[in-house]
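Participant: Predicted model and sequence below, questions to follow.
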Amino acid sequence: MEGSPEPASPGVIREGDFAVLKRDEVFKAVAVARRRKIVFEKQWFCLDNAIGHIYGTTFEVTSGGTLQPKNRVQEAATETKEAGADNRNIVDDGKSQKLTHDDIKALKDKGIKGQEIVQQLIENSTTFRDKTEFAQHKYIKKKKKKYEAVITIVKPSTRILSTMYYGREPGKINYLRYDTLAQMLTWGNVRAGNKMIVMETCAGLVLGAIMERMGGYGSIIQMYPGGGPVRAATSCFGFPGSFFQTLYDFPLSKVDSLLSGTFSLKKLPLESEENTAVAEESNGSVDDKPVSVQEADTECSTEIVAEDSQPEEQEIMDIPTEGDAFEGSKAKGTTHDKQKKQEERQKKLIEAAGLLKEKNADGLIVASRFHPVPLLLSLLEFVAPSRPFVVYCQYKEPLVECYTKLREKGGVINLKLSETWLRNYQVLPDRSHPKLMMSGAGGYLLTGITVINESVKSGDCSGQTDEEPTSKKRKLQEQR
Amino acid sequence: MSFIDYRETIKEGDTAIVFLGHESMFPVKVQHGGKTQTKYGVIRHSTDLIGKRYGSKVTCSKGGWVYILHPTPELWTLNLPHRTQILYSTDISLITMMLELKPGSVVCESGTGSGSLSHAIIRTIAPTGHLYTVEFHQQRAEKAIEEFEEHKVGHLVTVKNQDVCKNGFGITHLADAVFLDIPSPWEAIGHAKSVLKREGGRICSFSPCIEQVQRTCLALEEHGFAECNTLEILLRVYNVRTISLPVPDLGKGIGGNARAESDKGSPSDQGASSAGLQQGNAQFKSGVPPREMVGHTGYLTFATKSLF
RNA sequence: AGCUCAGUGGAUAACUCCGUCUGUAGAGCCUGAGACUCUUAAUCUCAGGGUCCAGGGUUCAAGCCCCAGUUGGGA
């Protein structure tokens, strides 16, 4: 933006990139590919011509369905010569536009430029010059929006994608508004080098946001319900493969057994010759005594996996947005492939379990469609003391319940239930005012900090009720 | 029927509100032999409306039903034909109270617009007050007169077709309150001051933009108004819904036996069980805001003309 | 079954829909993934896909605004 027209490749749109189309305030995420039709805002076109241009370029869509870069030079300063003082003489009879529906359609069909059509509309309006200066301005703005529609291609980011999802598919992200997500990332102290636990059902948007803030440094364990994590939005970020090497996932359905020490791998393939640790686990679990994952072993295997690039491969499988190009190469998974894949999965699972078992995560972020109480009570077990956690919920009541339960249980302080309101403004000379107030529908947050739970350690229940209030009092004094 | 007095039964010439449910309703002028189509079928005025009590459930020709409601200024605000943007009841409520309107108040208003606020003012100041309303757009002024007559409140209101900034309200020292809803309110503050009673009164100006407010406040100060205060009011509506959140499956069934004995009193045991949540769904009622966001209407600037 | 007149309520996902409680970002179908057993497949679970038909006019410099047009629905 500093005027350096660098040919550096990072800023250039390339085939295979994940990009975002933007028109006014509407976004759509796409995979950049040649000869593929895209439908956006009821226009269809191909992105071929965009390849090689830098991100941020604005394009016009030709009638042939191609993109033409639009230079933003001449904003013909339409000097308003005449303007009325007020609207007392304007009568709404619907007859002030001399161009008919067919006339306008003909202009469009002839391929006349939007700018020219707008000029025609102004010239054929009998009321335009009687409108006030402000009304004229508003009229032009409205017509430009209709006839000079352009699209801009931008690089995906948390800002872009969270705005896009909230506007386009809010139900898929449980109405997590972008300002609320911003709060979560800050209060969660998300940064490079952390070891974060994430439990989200927001299409992978929250995971992606965390990965962006961690920049590939540190590790993330994603807890997921059902058969596997959902990462549709994560793939839209277009992260490099290295970002996925320290991304782990772990099924929610194994959390209780992990906590109780009965965790085992039931469906482990019989021949797991390489990883002795895995073999031991599977054997052990069959026997009487449940064997917990050994810390040393898992750390070892963690390093091994960090070197190969399996995670990346897995991500590509998650990517088939609307891609049909890769379909062909996707040979119907032979049983051998399938088995191999499963083995890899088991390996990663063991590693994730090991990471969790250390119970030293640097933070916990929850944003799901599930009731947060059981999630929070269990997952906080994996977090080190003196670390922040953030829980998002679309509704207030479950978080109130979380608050109550956590206060009863102890081990957390500084609990805060919050909601942010967001409003944007029109700022024009003599015409400034708020536009929309977005409140209530952006969800609620419960934030807090873990501490060493002494009442539990001592095993003395009676002491708990006495200690809580005093410690809270002290905290309050410190804050003032 | 009258906008300032409830009547029991529907009569010829009344303006009644046909209520279809949701936000869906519309006004109807009751006429002998008149017919009104709804999505539930036809309503025949002579047999279905005239003589019936307000609040009746009327069965339409298709078997569906509607309610017929007595008009109120609030229902009128939601059903009147728009000639301009209008003020809604949320803003109107604040204006009415902060202008200290009550039966007997004399009020000056400009512009009249579509008459949404006018109807509410008239209701409040009746039966002994009076509204002087000024509108510079001729067609709009005429339409307003017509509506007031139709709603049988013509005796409480005087409509003038003139420019309040140039010509004021046409009276002096009679008003308890002045309301301005015009693009350049600062140009009308002088007239507003002279139309208020000598002993004083209240003024309110409605403007969408903050720059208008700044100019208006300066003008109010120059003319000696006191208690200058600008407010904005937003309505937040909640829909009451039953929410059903799934309880996550943490695998409780598998390792359940061992966990019962967790010697350390590991709090994880309290997970689903102490939360009182069984596998399945947790249900509760909640107020959920509608998806539409609250839009800005305008700033309300109030001030007092006092003797001192 | 076709035509004319008047009034009423709808057009968003590739397609089809969405309730008289102030219930239109909610679904069905489709496609894909996982699970499962009853395996050219069934079932279950999850996921992917949304910015509101089009033109004009008008409100203050905030639309819960208006008109005619297209399409289909009901008297």
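Facilitator: That came through fine. Numbering: from 1, shown residues only, chains lettered A, B, ... in the order given.
Participant: Low-confidence bits of the stretch 351-480 of chain A, can you list those?
Facilitator: Regions of the stretch 351-480 of chain A meeting the criterion pLDDT under 70 cover residues A:455-480.
Participant: which bits of it sit near RNA strand C?
Facilitator: A:369, A:426, A:430-431, A:433 (CB under 7 Å from any atom of the strand). All C-beta atoms are positioned from the backbone trio N, CA, C, and that covers glycine.
Participant: Would you map the helices across chain B?
Facilitator: B:73-79, B:89-98, B:116-125, B:138-150, B:164-167, B:189-195, B:210-222, B:252-259, B:271-274 (DSSP state H).
Participant: Please identify the most buried of the ones you listed.
Facilitator: helix B:116-125 (a mean of 24; mean count of other CB atoms under 10 Å in any protein chain shown).
Participant: what mean pLDDT does it have?
Facilitator: The pLDDT scores in helix B:116-125 average 98.
Participant: Next: stretch B:165-174.
Facilitator: On average, stretch B:165-174 scores 97.
Participant: one step back: how about the helices of chain B in JSON lines, adding distance to RNA strand C?
Facilitator: Formatted as JSON lines, the helices of chain B follow (distance: least, CB to the nearest atom of the strand, whole Å):
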{"stretch": "helix B:73-79", "distance to RNA strand C": "6"}
{"stretch": "helix B:89-98", "distance to RNA strand C": "7"}
{"stretch": "helix B:116-125", "distance to RNA strand C": "9"}
{"stretch": "helix B:138-150", "distance to RNA strand C": "8"}
{"stretch": "helix B:164-167", "distance to RNA strand C": "11"}
{"stretch": "helix B:189-195", "distance to RNA strand C": "14"}
{"stretch": "helix B:210-222", "distance to RNA strand C": "6"}
{"stretch": "helix B:252-259", "distance to RNA strand C": "14"}
{"stretch": "helix B:271-274", "distance to RNA strand C": "18"}
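Participant: need the residues of the stretch 1-150 of chain A near RNA strand C, please.
Facilitator: A:25-29, A:39, A:41-42, A:87, A:90, A:92-94, A:96-97, A:99, A:101, A:104, A:121, A:125, A:127, A:131-132, A:134-135, A:138-139, A:142-143, A:146.
Participant: Now restrict those to buried residues only.
Facilitator: A:27-29, A:87, A:90, A:99, A:104, A:121, A:125, A:127, A:131-132, A:135, A:139, A:143 (16 or more other CB atoms under 10 Å in any protein chain shown).
Participant: In helices only, show me those.
Facilitator: A:104, A:121, A:135, A:139, A:143.
Participant: And those residues, which two are furthest apart?
Facilitator: In these, the most distant members under the criterion CB to CB are A:Ile104 and A:Ala135, with 20.8 Å between them.
Participant: Please list all residues in contact with the closest residue to A:Ala85 other than its chain neighbours.
Facilitator: Nearest residue to A:Ala85, sequence neighbours excluded (CB to CB, 6 or more residues apart in numbering or on different chains): A:Thr132, at 6.9 Å. A:Thr132 makes contacts with A:83-87, B:183, as judged by CB atoms under 8 Å, 6 or more residues apart in numbering or on different chains.
Participant: that's a helix at A:Leu376, yeah?
Facilitator: Yes - per DSSP: H, G, I helix; E, B strand; the rest coil, A:Leu376 lies within a helix segment.
Participant: mind checking pLDDT for residue 271?
Facilitator: I went with chain A, as the question did not name one. 35.
Participant: oops, I was thinking of chain B
Facilitator: B:Gly271 is given a pLDDT of 39.
Participant: re earlier: mind putting the helices of chain B in CSV, distance to A:Val61 included?
Facilitator: CSV is the format used below for the helices of chain B (distance: least, CB to CB, whole Å):
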stretch, distance to A:Val61
helix B:73-79, 41
helix B:89-98, 42
helix B:116-125, 43
helix B:138-150, 42
helix B:164-167, 47
helix B:189-195, 51
helix B:210-222, 37
helix B:252-259, 55
helix B:271-274, 53
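Participant: A:Tyr55: which of those is closest?
Facilitator: Of the helices of chain B, nearest to A:Tyr55 by CB to CB is helix B:210-222, at 35.4 Å.
Participant: Who are the packing partners of that closest one?
Facilitator: Contacts defined by 3 or more CB pairs under 8 Å, 6 or more residues apart in numbering or on different chains; DSSP states H and E place helix B:210-222 against helix B:189-195, strand B:201-207, strand B:226-231, strand B:299-305.
Participant: again, 10 Å this time
Facilitator: Here helix B:210-222 touches strand A:433-438, helix B:189-195, strand B:201-207, strand B:226-231, strand B:299-305, going by 3 or more CB pairs under 10 Å, 6 or more residues apart in numbering or on different chains; DSSP states H and E.
Participant: Of the ones you listed, which is nearest B:Ser114?
Facilitator: Of all those, strand B:201-207 comes closest under CB to CB, at 13.8 Å.
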